[in-house]
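Participant: Prediction below, plus the sequence it came from.
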Amino acid sequence: MAMTMTQKILAAHAGLDEVKAGQLIMADVDLVLGNDITTPVAVNEFRKNGFEQVFDKQKIAIVPDHFTPNKDIKAAEQCKFIREFAYEQEIENYFEVGEMGIEHALIPEQGLAVPGDVIIGADSHTCTYGALGAFSTGIGSTDMAAAMATGKTWFKVPGAIKFTLTGRPGKWVSGKDIILHIIGMIGVDGALYRSMEFVGDGIAHLSMDSRFTMANMAIEAGAKNGIFLVDDQTLAYVKEHSTKPYTVYEPDPDAEYEAEYTIDLSKIRPTVAFPHLPENTRTIDEVGSIKIDQVVIGSCTNGRIEDIRVAASILKGRKVANGVRVIVFPATQKIYLQALREGLIEQLIEAGAVVSTPTCGPCLGGHMGILASGERAVATTNRNFVGRMGHPESEVYLASPAVAAASALTGRISNPEDIAD
Amino acid sequence: MQVQGTVFKYGDNVDTDVIIPARYLNTSDPKELAQHCMEDIDRDFVSRVQPGDIIVAGKNFGCGSSREHAPLAIKAAGVSVVIAATFARIFYRNAINIGLPILECPEAVERIEAGDELAVDFTSGVITNLTRNESYQGQPFPKFMQDLIAAGGLLSYIKKQKG
Ligand code: SF4
């Protein structure tokens, strides 16, 4: 029977020749991930049920990134708890402050995700590694505990939606605009329980950073995972970052899809999602005049080097508008250092932005940039739910780094085409 | 197994950020989490909810983050079952894994109003509306999941299998 790319990866990890949509399977996992919010619950469950040892200390990654550097005493206690677990179990991929980054930027950078892997993480944006042709998906803490103990987890095999990307995107259009456009088109439950498979010759025009951004937001359409075909760029990325063995899977030509869309990337405009759902999208030409108080550039969606470069290219030699607070947080230490070496951090600070150490911080309303009631932010993050960045009466507008940086200069949601040379 | 309770009703796309806002995630104590359950969309929920009460909502309930704190908070608040048109997939998994009963039933969601009194049978998936004197057929769990629930959640299930 013909299978999608995701189904082939799942079949191989379940030791089956074929699987079909709806089937319940037990699959081996190549990596189990947790953060400082979800790991404490998992460790409690792990201990409570009498498990003593993790199945493989190399195949577990623990990244305290949400409330770190510790924002308060309770957060410090949670981090201490998981640090002790990581030391006790000799978890090889435990990343302390100083070497950590936001988990979904860090895991590929560390070479821990490669094509053909099955990765589960107790964080919904674990779907990010689909950019590398891996099957990766978010699960809960109990799932994490079970997988840490056994190296296996259960899945219902998903059906898939196929997105054929064609054409070349315009200068100020990146992965963020494309995925927002898609979510606006199919809705926040448009891919519920399904895989989003991205194919087509348009992919060649998307950088790896753009692909990570798109796979990252598959969950915002309700998808189980988002996955890209592997090409030369993917393999170059893997070669640079990893020594892990990998397998490249491709969908069968006659694989069945529940829906198919063709998207001409050359037609996509810079796109913004209005409060309070990622599906409330408008093109930059339709946004009108929206005054903002804060700009947040970073997160696991758009905190990679390319994102910082784009923001700096717009802010360089200019000044942030009066009354606007601009917070930039590179996603990992390596990205931070790279930005420093390229002189980007200096350009951002001179323009009037603050630059933070890697943390999830403002993205989930944790710390480092919380909004007051009635305040509005343009953010390159992935969610704009009620209260996501602070007060339940604050508002978050999701956009690309280019739109966010352009908006920082004017104090209103702005089109980068109008500002940059 | 059967439960009975009064309905709290919400719309589509109730996300985990409103079920339990991230600002409270510096703890994982279910009792503490329950004190803030639903507070960003329904300030009175916590003071009004009684043990056994039922949440009924539209499509994509529990979308957003993977925080198991969301079903934990709902369960610790005393809710006996969540009925929705559809559930977001991670919430669905988490609810089963921690033993919070959930049921998909678009028809029930259309008919049921806030304050209705319901009786729900998990094995058959039948929802009886005692206020309106009607009943709806929800989607009962596949056998594998019924086994998980019967075993007392995912981890006890695994332990039994390893046994
Ligand atoms: S940056 Fe935001 S979306 Fe990404 S892992 Fe952190 S909190 Fe989640």
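Facilitator: Okay, I see it. All figures in this text were calculated on a predicted structure; none of them were measured in a lab. Residues are numbered from 1 along each chain as shown, chains lettered A, B, ... in the order given.
Participant: Where does the prediction get shaky in the chain?
Facilitator: You didn't pick a chain, so chain A it is. Applying pLDDT under 70 to the predicted model, the residue ranges of chain A that meet it are A:420-421.
Participant: Chain B, not that one
Facilitator: Counting by pLDDT under 70, chain B shows low-confidence ranges at B:162-163.
Participant: So for the longest strand seen in it, what gets flagged as buried?
Facilitator: Ranked by number of residues, the top strand in chain B under DSSP state E is strand B:2-9. In terms of neighbour count (16 or more other CB atoms under 10 Å in any protein chain shown), strand B:2-9 has its buried residues at B:3, B:5-9. Heads up, the C-betas are built off the backbone N, CA and C, glycines and all.
Participant: go on, stretch A:171-185?
Facilitator: For stretch A:171-185, burial by neighbour count (16+ other CB under 10 Å) applies to A:172-184.
Participant: Can you tell me, leaving aside adjacent residues, what's nearest to A:Val238?
Facilitator: Counting by CB to CB, 6 or more residues apart in numbering or on different chains, A:Val238 lies nearest to A:Val114, which is 5.5 Å off, once chain neighbours are set aside.
Participant: any idea how far the one you found lies from A:Ile327?
Facilitator: In this structure, A:Val114 and A:Ile327 are 33 Å apart, going by CB to CB, to the nearest Å.
Participant: Going by distance to the ligand, which of the buried residues of strand B:2-9 wins?
Facilitator: Within these, proximity to the ligand (CB to the nearest ligand atom) peaks at B:Phe8, which comes in at 27.8 Å.
Participant: pretty sure B:Gly62 is in contact with B:Asn13, am I right?
Facilitator: No. The pair B:Gly62 and B:Asn13 fails to qualify as a contact (CB atoms under 8 Å) at a distance of 9.4 Å.
Participant: What parts of chain B come near chain A?
Facilitator: By CB under 8 Å from any CB of the partner chain, the part of chain B that sits against chain A consists of B:13, B:15, B:17-18, B:21-23, B:25-28, B:40-41, B:59-60, B:63-69, B:72, B:86, B:88-90, B:93-94, B:97-98, B:142, B:144, B:153-156, B:158-159, B:162.
Participant: Now list the buried members of these.
Facilitator: For the residues of chain B next to chain A, burial is judged from neighbour counts taken by 16+ other CB under 10 Å, and it is met by B:13, B:15, B:17-18, B:21-23, B:25-26, B:28, B:40-41, B:59-60, B:63-69, B:72, B:86, B:88-90, B:93-94, B:97-98, B:153-155, B:158-159.
Participant: hmm, whichever strand or helix holds A:Gln7 touching chain B?
Facilitator: Using DSSP states H and E, A:Gln7 maps to helix A:5-14. No. No part of helix A:5-14 sits near chain B under the criterion CB under 8 Å from any CB; the closest distance found is 13.6 Å.
Participant: now the following helix or strand past that helix against helix A:5-14, angle please.
Facilitator: Counting by DSSP H and E, the next helix or strand C-terminal to helix A:5-14 is strand A:24-28. Relative orientation of strand A:24-28 versus helix A:5-14 (axes from the mean of the first three to the mean of the last three CA atoms, to 10 degrees): 70 degrees.
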